[in-house]
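In: this one's sequence-less:
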């Protein structure tokens, strides 16, 4: 049974110190209002997993000191350039980066989704990505001679966390084509969702809607959060990316002082509004 | 570019002798009109893959002498009982059965979908399913001590073949929640589709429809075939299973003579209508 | 099996089976039911009703009671994730080691009898914690010393990943517990009309018999009312023939 | 790079690059373009236009030019299936063995510079038949003897599954071919204004130089018209800034 909450902070309270958390990429559904609440709580030592990359939300969490490990194929603000707090943290050695390549993240999540101990994948051999991942192994393809292949262990997040356009009171969440959110929810132990709107009725009743819906079976808890992905947009809605704000973030977050001012204004300062 | 055909026989001509073909289960989208055309062509030596099981359509193909190999987790007519032509062929030794268990078929198709040489899965160890599959291997989980796991090689059909409710002229095919059809299309070299209706416009333009759509990228050729799944139904449409016909099939197909009469009446005899 | 049990009130055998199975499902989060399983399906729906809807029930092949949106693989993925607490398996043959055979009798290459196939048993039997075996024809032909084909073994070597396995076996004659340590069935109760002796006469494998073997309890009046009312209606959506035969005729009588 | 090439008509360097890349894509079934790749994106759209729409183009991160419906994994699955014929990769550093570095300079644990990360390169470089490397800052700082971090190697041992790999490398100064046998870059042509010597002065790795090295051809009038008309419009949907800078200003001039 999905827990329907009425308070963003109650959902944020479910993000515990040290949790391993699957994060969608910027163009999917980022639960930014929730992350602001999490930062206000002062959560520590998160292990972020970019599915397969992350951007603004992860950079914000890193800058706010919430993150111990970033496991991802990339961290970027896209056209706004390098993720400044990630870059600074890596150079300072204050976070551990587990560099990956996109399909390796997907392979690990899919192994968890399938209940398999690992997935194998092509590529990677001879790269420093592989050389630096002692949690990955090269094994022999048993169906061929002298054919090494990389085994990626099941990647089971404690939490999948994202924002979506709509959900119903049964906990069913509509995500459209953003199926990485579904793989995340299947793979994770628990899934926390913020949504633009909790609608009446049953999203599973209409075959068109059902096709893009994560069943409530996988959704632990949920809260309505209007414009919850801001400053990111939300696919299949009219919520566009607030490019001006991201540009401002990229500028302010270049320095620790600027980032502190950003937090004060846009994270701590937004508490009353959220 | 998806080839849009106007003639069922032109699509049937793409089913070559010896092809390895992924078939959906009865409750998904069975391309029965196409299979009737294939039987009329006299195709031989097909290797059927049940995804993960098959029913009426496969039994019909087996009875008509089109099949050399049945690789599947089960063959059944559901509430109409055992599949009579499958049962007879197995007892006569006239087809080879590669028994599987449902998630092993999915695992093999997913490996093909991912371009991975194999998938690993739990279960199976100690079963006669595994004992009789020398194309599967038991390997060691490299992430644990003394932990055997079954490796299922990528299962790459020559063809995925199914019936769907609608498609557009770009070759995009709407399948709703019947995602096994999407995995089949991704995994197969070519995909042949019959549809109730080819609609105007672009199924990818509406986010709700897009979420349940296989992109034309994976669809080799397509033809409109009204009631193309008869006597099976079609999910998310008002086409219901013709239970009376299936009961009649189950009865007639109990004997070779009865099956021959069935073919004459409902396969050869329907040519003009299809 | 469709007649009422002569020596008892008006309770049907199916109702006893449904009640008994439901008792093994109470409190679970998620019960999945395979195709062609009306008795387990009704039991799962009964457990759901009694849970105040906290127990989820997924019925394969049903459009109404199927909450999956990721295609045919999702049931198995879901089980692999540990999100399915109970499932039901049957077998053309079941043996004393809880091995099940859904494939064939005789040489599998040229069998005397061929059944549909193993379906998901070669996986689900390993990963679902409570697999309830059911075989509604309890004879020496079906409950055998050794199955001709192992679709899925009852027990596994210690190094085989096996969080799941047999939890109990219910037949039209009795209920067996499973002693996982000793890898044996244990006679738990006999259905009304059966005796310890009648079970022995009709079972092809060895099993343990405790000193006291009670009769399988009947559902109480409240449970019967729930079963014959709401559950009958729900199961009718999936198995109309079964609902009519077991509940509909009963209600008309 | 935004100025027109002084000694040539009014053709811009970007237009030469787009034309050159498109020439390597003609006739392909499916070209995918990653994020932040306006020049390759325009080249792919040009190849598509010239193919009569037979060449499919998938642009990641674009809602309009993205035909995937299976989430973030589908691009990689599609490539693994052999359905993507060409892709583009860049690198903060690229070396003479065609290794690319998208991660860091110096010790990766305490780097002097850190870049976003390897994205899909650790897979796509192995499986896509025509990977076209592009680096629009051709200096000894970027084209180095040995990269500090191998996001993906240019070449692999014979036992490594590798249907894909580098097909060519284009920079703001020249075009390199790839000699797969000898595992070396070969100077194919120099862009207008560059010479064999200017390339040597600005390249940090060894490569082969044929006796004759032509100048990279300019697009003809028809191609230029197509690029500045239809393609400019299409690319503007994805990269409005780029379209304005390269094509918009040009048209206004």
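Out: It's in. On a predicted model such as this, the values are computed, not experimentally measured, just so you know.
In: up against chain A, what does chain C have?
Out: C:30, C:53-54, C:56, C:67-70, C:73, C:76-83, C:127, C:161 (C-beta under 8 Å from any C-beta of the partner chain). Every C-beta, even on glycine, is put in place using the N, C-alpha and C of the backbone.
In: who does the top helix by length along chain C touch, helix- and strand-wise?
Out: Longest among the helix segments of chain C by residue count, using DSSP state H, is helix C:38-50. Helices and strands touching helix C:38-50, by 3 or more C-beta pairs under 8 Å, 6 or more residues apart in numbering or on different chains; DSSP states H and E, are helix C:13-23, strand C:30-33, strand C:56-59, strand C:130-135, helix C:221-226, helix C:232-238, helix C:240-243.
In: what's next to the second one, contact-wise?
Out: The contact list for strand C:30-33, computed with C-beta atoms under 8 Å, 6 or more residues apart in numbering or on different chains, reads A:217, C:25, C:40-41, C:44, C:47-48, C:55-60, C:75, C:78-79, C:83-88, C:128.
In: spatially nearest residue to residue A:109, not counting backbone neighbours?
Out: residue A:187 (4.4 Å; C-beta to C-beta, 6 or more residues apart in numbering or on different chains).
In: and the one you found, how many residues sit next to it?
Out: Counted by other C-beta atoms under 10 Å in any protein chain shown, the residues lying close to residue A:187 total 28.
In: sitting in helices, which of the residues of chain C next to chain A do you find?
Out: Filtering the residues of chain C next to chain A for helices - DSSP H - leaves C:76, C:77, C:78, C:79, C:80, C:127.
In: surely residue C:29 meets residue C:56?
Out: Yes: if you go by C-beta atoms under 8 Å, residue C:29 and residue C:56 touch, sitting 6.5 Å apart.
In: more neighbours: which of those two?
Out: residue C:56 (22 against 14).
In: what sits against that one?
Out: A:217, C:29, C:30, C:31, C:48, C:67.
In: now do 6 Å
Out: residue C:30 (C-beta atoms under 6 Å, 6 or more residues apart in numbering or on different chains).
In: show me what from the stretch 151-253 of chain C comes close to chain B.
Out: C:152, C:153, C:156, C:159, C:160, C:161 (C-beta under 6 Å from any C-beta of the partner chain).
In: circling back to that earlier point, any chance of the helices and strands packed on helix C:38-50 in CSV, plus mean pLDDT?
Out: As requested, the helices and strands packed on helix C:38-50 are exported to CSV (pLDDT from 0 to 100):
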stretch, mean pLDDT
helix C:13-23, 97
strand C:30-33, 96
strand C:56-59, 91
strand C:130-135, 98
helix C:221-226, 95
helix C:232-238, 88
helix C:240-243, 86
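In: distance check, the residue in the stretch 1-150 of chain A positioned nearest to chain C against residue A:158.
Out: Closest residue of the stretch 1-150 of chain A to chain C, C-beta to the nearest C-beta: residue A:115 (1.9 Å). Shown here: residue A:115 relative to residue A:158, a distance of 17 Å by C-beta to C-beta, to the nearest Å.
In: looking at those two, which one has more neighbours?
Out: The residue with more neighbours, out of residue A:115 and residue A:158, is residue A:115; 27 against 18, by other C-beta under 10 Å.
In: and stretch C:96-104, how far out from the chain middle?
Out: 14 Å (C-alpha atoms, centre = their mean, to the nearest Å).
In: then stretch A:198-217?
Out: On C-alpha atoms, centre = their mean, the centre of stretch A:198-217 falls 22 Å from that of its chain.
In: tell me the pLDDT of residue A:49.
Out: We have a pLDDT of 98 for residue A:49.
In: all helices for the stretch 51-200 of chain C, in order.
Out: Under the criterion DSSP state H, counting those that start in this stretch, helices of the stretch 51-200 of chain C are mapped to C:74-80, C:121-127, C:196-202.
In: what's the most buried one of those?
Out: Of the helices of the stretch 51-200 of chain C, the one with the most neighbours on average (mean count of other C-beta atoms under 10 Å in any protein chain shown) is helix C:121-127, at a mean of 29.
In: average pLDDT across it?
Out: For helix C:121-127, mean pLDDT is 98.
In: now that helix, how far from the centre of its chain.
Out: 15 Å.
In: now do stretch A:40-58
Out: On C-alpha atoms, centre = their mean, the centre of stretch A:40-58 falls 7 Å from the chain's centre.
In: all good on my end, thank you.
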